[in-house]
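# got a sequence here, can you model it:
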Amino acid sequence: MQRPDVSALRERQLDGDYLLPAYEDWCFARIPGTVADLLGADVGPRLPAAATDEYDDISRVVVFLVDGFGLAQWDGERERISFLRRFERAGRVTPLTSVFPSETASALNTYHSATLPSEHGVVGWNVYEPTADEQFEALPFLRKDGTRPERLDFEDVADAESIYPRLADAGIEVHQVTPFPNEATVPHEYDPEDLSTFPDAFAEAAEEASDPSYIFAYLPQTDAIAHAEGVDSDDYRETAAETFDRISEAIATLAEATVDDDGETLVCITADHGLVDTDPERNVDLSRPPFDVVSDLRTLTDGTPIRFSGSPRNVHLHLQSDRVDAVYETLTSELEARVVRKQEVLDTNLFGANPSETFERRLGDLVVVHESLGVWYGDEEPGSLRFVGMHGGLHPDEMLIPFATATLDSLRE
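Numbers count the residues shown, from 1 in each chain. Purely as a prediction, here's the structure:
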């Protein structure tokens, strides 16, 4: 199979104005399996061989995951960030799709387990778990009032096993450079509010790792600033530039530490999703007319409406059974959005195949995916409707991501 160019992948996956996940081949969900395969292990499906057919005898893989830096953002910043042009000259950029929903809580659970959202059951940033009568944020596993759910453990967030014990069993040493260390790996923590702390944390990982090894580095800064300012802003561009300056420093440090690498280290840059700029003046408030859906929602046992499920670009409505059709009619007549019934979600594998019981019970009666705006509850979370940059939906700019690869030798200055 040939590697797709972005036009071919876009054309194949487009369904009207919405771009569907390419779960069967060119998808973010297959990166963990690809990394493992390059290092001689098997943790799940990998990308087609054409994605990495130039790379042989790899003993170390380094992945920089830049949260929210999708293919549209890569293309938009290429002329301003010389590192991106240098990386393209040294290697190649393969277009992939994200998973659905194209948001961090779902995608990172996919990344660390090599399972799809339909399997691990994290339907979005917000999750309603009916067996525990809880609604909570999957990251950082808190209720809206800042307390931890009392009837769930953190291990219950995702119905999936981590890939890292399997990598360890295969003799692969895994180091993670993140603000939120995973104790199943060798952690190297840095301050997400101060990117200058990233290179030292990465240098520590590079120095300590014994091959075969896998170093995973997570950088959430571009995503965070895009929510407030949008991708078409000076603050976003400055943050993206600093992010890649720090990645460039990290690669230089890695090169110094591995003088005789001889093409055995593969460096990858990817993203969990892209971003789309919405219009805060037009983002949709479900708690106001003509929607007023709060009274149509099911409730927790204490009478609290189940608002918080999914996200503004991936809204899960858990509705009273006799209100599903009426709400569906209102939404489809008033919104430029896909409003998908639960059974259709399951029939079309929108979140992936092989749905788990966990996923099915957390899935809304209706899933609302607006073409380009946010849709949420202004009565409880008005700040979410004031976000500019958003993700979670099926806009091509959210769904298309880069999988950039180059050997460390080819990146040496």
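
# which of the helices or strands spans the residue nearest to residue 78 when sequence neighbours are not counted?
Counting by CB to CB, 6 or more residues apart in numbering, residue 78 lies nearest to residue 84, which is 4.8 Å off, once chain neighbours are set aside. Backbone N, C-alpha and C define where each C-beta goes, glycine included. Using DSSP states H and E, residue 84 maps to helix 82-90.

# show me how far the lengthiest helix in the chain is from its chain's centre.
Counting residues, the longest helix found in the chain (DSSP state H) is helix 234-257. Averaging C-alpha positions (CA atoms, centre = their mean, to the nearest Å) puts helix 234-257 20 Å from its chain's average.

# so the next helix or strand after that helix versus helix 82-90, what angle?
Sequence-wise, the next helix or strand downstream of helix 234-257 (DSSP H and E) is strand 265-270. Orientation check (axes from the mean of the first three to the mean of the last three CA atoms, to 10 degrees): strand 265-270 against helix 82-90 gives 130 degrees.

# show me what the helix or strand just after strand 265-270 is packed against.
The helix or strand immediately downstream of strand 265-270 is strand 276-277, counting by DSSP H and E. Other helices and strands packing on strand 276-277, by 3 or more CB pairs under 8 Å, 6 or more residues apart in numbering; DSSP states H and E, are strand 389-390.

# let's see it at 7 Å
Applying 3 or more CB pairs under 7 Å, 6 or more residues apart in numbering; DSSP states H and E, one finds that strand 276-277 contacts no other helix or strand.

# so what touches the helix or strand just after that strand?
Next helix or strand after strand 276-277 toward the C-terminus (DSSP H and E): strand 284-285. Identification of contacts with strand 284-285 by CB atoms under 7 Å, 6 or more residues apart in numbering yields 335, 370, 373, 374, 375, 378, 385.

# likewise for stretch 399-413?
With contacts defined as CB under 7 Å, 6+ apart, stretch 399-413 is touched by 6, 10, 19, 28, 31, 51-52, 55, 70-72, 74, 87, 90-98, 102, 251, 254-255, 258, 261-263, 265-271, 273-274.

# burial count for residue 252?
15 (other CB atoms under 10 Å).

# apologies, that question was intended for residue 332.
So residue 332, with other CB under 10 Å, has 13 neighbours.

# circling back: for the residue nearest to residue 78, which residues are in contact?
For residue 84, the contact set (CB under 7 Å, 6+ apart) comprises 74, 77, 78, 244.

# can you flag which of those residues belong to helices?
Mapping the contacts of residue 84 onto helices (DSSP H) picks out 74, 77, 244.

# buried residues in whatever helix or strand residue 216 lives in?
Using DSSP H and E, residue 216 maps to strand 213-219. Across strand 213-219, burial judged by 16 or more other CB atoms under 10 Å covers 213, 214, 215, 216, 217, 218, 219.

# which residues sit in contact with the fourth one?
Pointing back at residue 216 there. 63, 176.

# I'd like the distance between it and residue 177.
According to CB to CB, to the nearest Å, residue 216 stands 7 Å off from residue 177.

# again, but for the second one
Taking CB to CB as the measure, residue 214 and residue 177 are separated by 12 Å.

# same question, the third one
For residue 215, the distance to residue 177 equals 7 Å [CB to CB].

# any residues in contact with both of these two?
Here residue 215 and residue 177 have residue 205 as joint contacts, going by CB under 7 Å, 6+ apart.

# would you map the strands across the stretch 101-250 of the chain?
With DSSP state E, counting those that start in this stretch as the criterion, the stretch 101-250 of the chain has strands at 126-129, 134-137, 173-178, 186-189, 213-219.

# before we move on, the earlier item: dump the buried residues of strand 213-219 into CSV; add distance to residue 400 and pLDDT as well.
Output for these, formatted as CSV (distance: CB to CB, whole Å; pLDDT from 0 to 100):
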residue, distance to residue 400, pLDDT
213, 30, 96
214, 25, 98
215, 25, 98
216, 22, 98
217, 22, 98
218, 20, 98
219, 19, 98
